[in-house]
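K.L.:
Predicted coordinates and the sequence they were generated for:
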Amino acid sequence: MTNIPETGRSSRVTIRLVAIQILVFSLLLTLGGRLWYLQIRNGREYADEARNNHVQQVVEPATRGSILDARGIPLADNQTRLVVSASRTDLLKMKDDGKAVLGRLAKVLGMSETEIRNKVRLCDAKTPQPCWNGSPFQPIPITDEATTQQALQIRERSEDFPGISAEPTAVRRYAAPGKAETAQVLGYLSPVTDEEIQKAKNTRSPLLRSDQIGRSGLERTYDSQLRGKAGVTRYEVDNLGRVIGKAKSDKAVPGSNVVTSIDARVQAIAERELEQAMKDARKEHDKNTGTNYKADAGAVVVMENKTGRIVSMASNPSYDPNAWVGGISGKDYARLTGKDSNYPLLNRAIQGQSAPGSIFKVISTSAAVAAGYDFDGTYPCTASFSIGNQVFKNFESKGYGPINLGRALEVSCDTVFYGLAYQQWQKDGGNKPKDPKDWFYKTAHQFGLGKETGIDLPNEVTGRVPDRQWKKRYWEANKDSWCKQGKSGDDYVSKIARENCESGMKMRAGDSVNYSIGQGDTQVTPIQMATIYAAIANGGTLYNPTVGKAVVSPDGKHIENIEPKSHGKLPVTARTLSQIDGALAGVATRGTAAWRFQGWPQDKIPMHAKTGTAEVYGKQTTGWFATYTKDYTIVMTISQGGTGSGSAGPAVRKIYNALYGVDDKGKIDEKQALLPRPQTGLPRILGDGTIQAQPITPVAAPATPAATGRRGR
Amino acid sequence: MTSSHTAGGFTVRRYSPDRGAWGKLTARDSVVRKLDWVMLLCSLALSLIGAVLVFSATRNRTELTHGDEYGYLLRHLLNTGIGLALAAGAIWLGHRTLRGAVPILYGLSLVLALLVLTPLGATINGSRSWLAIPGGLSLQPAEFAKITITLGMALILAGRVDAGDRPHPDHRTVVQALGLAAVPVAIIMLMPDLGSVMVLGAIILGVLLASGASNRWILGLLGAGVVGCVAIWQLGLLDDYQIARFAAFANPSLDPAGVGYNTNQARIAIGGGGLTGSGLFHGSQTTGQFVPEQQTDFIFTVAGEELGFLGAGLIIVLLGVVLWRACRIAREASELYSTIVAAGFIAWFSFQSFENIGMTLGIMPVTGLPLPFVSYGGTSMFAVWIAIGLLQSIHVQRPVSA
């Protein structure tokens, strides 16, 4: 055997074999290294992915908490309805993208096919409403008004309706108890977007794809409290989604209930009276424009003086908040947001701003006193006031001769304030300002104008104090267009533009004079004025207005009271305050508002008031009416509604009548009084956590208390 | 002379104990004792680990097993048994004896491969590489081609060298050998079974290397391979699904629902296993059937997930031991023919293992190749065990006193 040549072991072959061996083992080493990298180095990451892979979450939405009025009556609660929804994922799996199924569904539901198809399309920049702006993986509600008959048809013929479900679902209901819609204050819900889910991911209240989220009003402010925690059951599934085990489940925790300081009865009256006042104003003839008043918008705020709590807040035009429930229809959406809609979604009590007119004079008065003028000194109330060849009229007043500041408030004498403001302007250096004290502007800021009051409602606007800084910023932003327009012609607008172009950065004498009576560029919101008048009434504390009064846990065991908070004191001495208070009582008894408070039991319920009428360029005047008693402040405004006392007077008085049980002749019937003094306590909370609702109309039916979740009529 | 010789023979017979079957097997000079047991036992261990993994991967895939939970397990064990028998047959016949039969075997494998292209062939996963035979069974002739190409090329390349005519095969011989390999490669390419073509390429390279053919051939062949790949890519000879498979292994998002899905799920399964794995039968990826073809091409993911780094690593180590013993056998073989055959098998095992495990780890493109010994699949199992048998035969028949 040994003589066989060892052809397999020549040196070249041996070297080659060694090469092969090295190659083979480097391949194996590569595998080992990669295996180590995947399993040891990055193992945890993949383990997490594996877990997500085979775990499917089934979400049981939490019952959203109710929003109750001060007496426990639900303003927003839930109702079980038959909701028909479509799964986009399932529809897209079909050959025709589910067209046939949606067609059949349209027939059953009696809706048009286009309408249904629009509802299940996804929103993007180019898609108009209606469209779905929630998660594409979540069932999209098509209607929440299915009848039992329709639901049965869909369920019995499930093979005809793949991807369509008809389930009883809790949907939001805005019950409008006693016709108190409270629409803008309550706000509305809509499905979460992907960005919101991402944002809330690591917070204490993460969002689920199926969640609805508060978009405005109380629904938004108290969203995290109301929402509760959805129940999540995690199932282990295989690659086809078949359940092979149950992993973990968290029970749904219902949301907390929010008790507000709104009194549904007062709210209903406020809404009704605001509407009526606007209707009445539209019958009034406006001498300036030669047409009737348009009264296109209005707002009213009823506030507790000593806490800042809102008893009612209404904004007109309004809308039915139920339009949002179960996805808004295209028609409704256009009606609520279109150009011709006049924007009923706006809460004009906190988002509507205009010049305050004469109700601003309490600030001018305080400013004058702060600047060193004696409240009881005498100041000339002339018929008009001239600076150079510029004449400033004493609007809606007349010459009263020399009067003190209190009287100037009572009769709303403009020229007194013109004079004071002009003197101050001169003291501050006139057109060449030198260390200006700007008392009138400083005081306005101290009264809380130009910034939010901090009410617990979203998107409050700040208004504006047209001080030097603002003028400068405004001029810089607008000078180019002003200067361009100023060259174009000789009409009024061009003239103003030319003037603004040349001297708009300066505080001119006319600006200061106009400003002192609440005209010009000043902008305030009704809630700011209510806060200020409530502060005058309560001795000077500016409260942050609140609508929420308490957050009550679903079992009723934990009650988180929302305590009044203040954001400042009025910069006025107690003496001046009582002088102003006296003057405002005079307004109601012998001043500009006296004709509206004839027969008012002033000795029992001292009434204070201030009227205001703001000029708006190119529009009819905005009426303001600010009033207060010991306990309540009511501020009402009507845009393009004429004078404050004229347009809003009767409405405000009727709200007071209801609060105190006063009849037209001034007689007080305690039994008829809805709220003779502010409600301090919370409604009764029963052992099982339900909150007892008081009957909404005292005269109606036996007074059986209805529990939360039922309409308490 | 003759009688005394005979008498001497008798004497010997008388003094030695009568050997029974066991005795024959355990005798000092018996074939059984000369076998490379390390290699055999490691191969067997791989097959048995494979059986457990196949069971884990199939026991609740009712659409595969038709309710017979143990079906795949038993068939895998049966295949292993048949494989062992084939290996024993190969040892018993001996590689030298088979050397004479190579032309017949080669021809037979060509016929089988060609049959696949006739209506007898079956298409699975887009590749017509299966031969349906009566009884519900199927064969994958490409597997046998791996053996016959190795044997055929070895026969041609070693012919004149083993005869002592030349130290190394000349160019003409190399051309002949390549021509012999080209025919089955072309047929398999037509199926198309790209994975097998890649393995055959590796085998051809390994064979040429071990044959001592000129370096120019090795480099030239590698160059031709690269040029060929580029040409195939450019000329659009591949179907889209194959290109997608190639592109998606590195970047699963290229084809997230197709190959990318496989790659991704495989990686998740393996990565999720960690050091010790989730325990046999407790892998969520495996139980949930997230990884496709898990009993065959993606069997390694079961090991990765359920047995972890230790278990999956053990498979690589066992493969390493088998290859190490094979390398030893190649080096110790006396004739070039044996060396070439051993090297061809080494190239086959190592490349196929690397490709199979590599694709589950996301470092190689996804192709339909079984993991030697471990994957479920009859033909593959038979082929690797025949190869083991031939390697053992080379080991047994090496010159003892060399």
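P.N.:
Perfect, I can see it now.
K.L.:
Could you use CA atoms for every contact and neighbour count after this?
P.N.:
Fine.
K.L.:
In chain A, which residue is most central in space?
P.N.:
residue A:217 (4.0 Å; Cα atoms, centre = their mean).
K.L.:
Give me the below-cutoff pLDDT ranges for the chain.
P.N.:
Reading this off chain A. A:1-5, A:55-59, A:133-138, A:201-206, A:209-210, A:237, A:239-248, A:326, A:396, A:697-713 (pLDDT under 70).
K.L.:
wait, chain B
P.N.:
Ranges of chain B meeting pLDDT under 70: B:1-19, B:125-126, B:135-136, B:238, B:240-242, B:244-245, B:253-258, B:399-402.
K.L.:
which other residues reach whichever strand or helix holds residue B:392?
P.N.:
Assigned by DSSP states H and E, residue B:392 belongs to helix B:378-396. Applying Cα atoms under 8 Å, 6 or more residues apart in numbering or on different chains, the contact partners of helix B:378-396 are B:31, B:34-36, B:40, B:76, B:79-80, B:82-84, B:86-92, B:94-95, B:139-141, B:143-144, B:147, B:326, B:329, B:332-333, B:338, B:342, B:345, B:370, B:372-373.
K.L.:
Buried residues, that helix. List them.
P.N.:
B:378-396 (16 or more other Cα atoms under 10 Å in any protein chain shown).
K.L.:
Keep only the contacts of helix B:378-396 that also lie close to chain A.
P.N.:
When Cα under 8 Å from any Cα of the partner chain is applied, the members of the contacts of helix B:378-396 adjacent to chain A are B:332-333, B:338.
K.L.:
By neighbours, which of those wins?
P.N.:
residue B:338 (31 neighbours; other Cα atoms under 10 Å in any protein chain shown).
K.L.:
For it, which three-state class applies?
P.N.:
Secondary structure state of residue B:338, per DSSP: H, G, I helix; E, B strand; the rest coil, is helix.
K.L.:
Just give the closest residue to it, not the sequence neighbours.
P.N.:
Nearest residue to residue B:338 in three dimensions, chain neighbours excluded: residue B:394, at 6.3 Å (Cα to Cα, 6 or more residues apart in numbering or on different chains).
K.L.:
quick one: that neighbour from chain A, how far?
P.N.:
12 Å (Cα to the nearest Cα, to the nearest Å).
K.L.:
Counting neighbours, what do you get for the residue of the stretch 501-650 of chain A found nearest chain B?
P.N.:
Scanning the stretch 501-650 of chain A for proximity to chain B using Cα to the nearest Cα identifies residue A:554 as nearest, at 38.4 Å. Neighbour count of residue A:554, defined by other Cα under 10 Å: 23.
K.L.:
Disregarding residues adjacent in the polypeptide, which is nearest to it?
P.N.:
Using Cα to Cα, 6+ apart and skipping residues adjacent in sequence, the residue nearest residue A:554 is residue A:256, 5.0 Å away.
K.L.:
what about the one you found, how many residues close to it?
P.N.:
28.
K.L.:
surely it meets residue A:62?
P.N.:
No. Between residue A:256 and residue A:62 there is no contact under Cα atoms under 8 Å: 10.5 Å.
K.L.:
Quick check: neighbours shared by the two?
P.N.:
A:227-228.
K.L.:
At which residues are the strands of chain B located?
P.N.:
For chain B, the strands defined by DSSP state E cover B:121-124, B:127-133, B:137-139.
K.L.:
how about a markdown table for those, with distance to residue A:314 added?
P.N.:
Shown next, in a markdown table, are the strands of chain B (distance: least, Cα to Cα, whole Å):
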| stretch | distance to residue A:314 |
| --- | --- |
| strand B:121-124 | 72 |
| strand B:127-133 | 74 |
| strand B:137-139 | 81 |
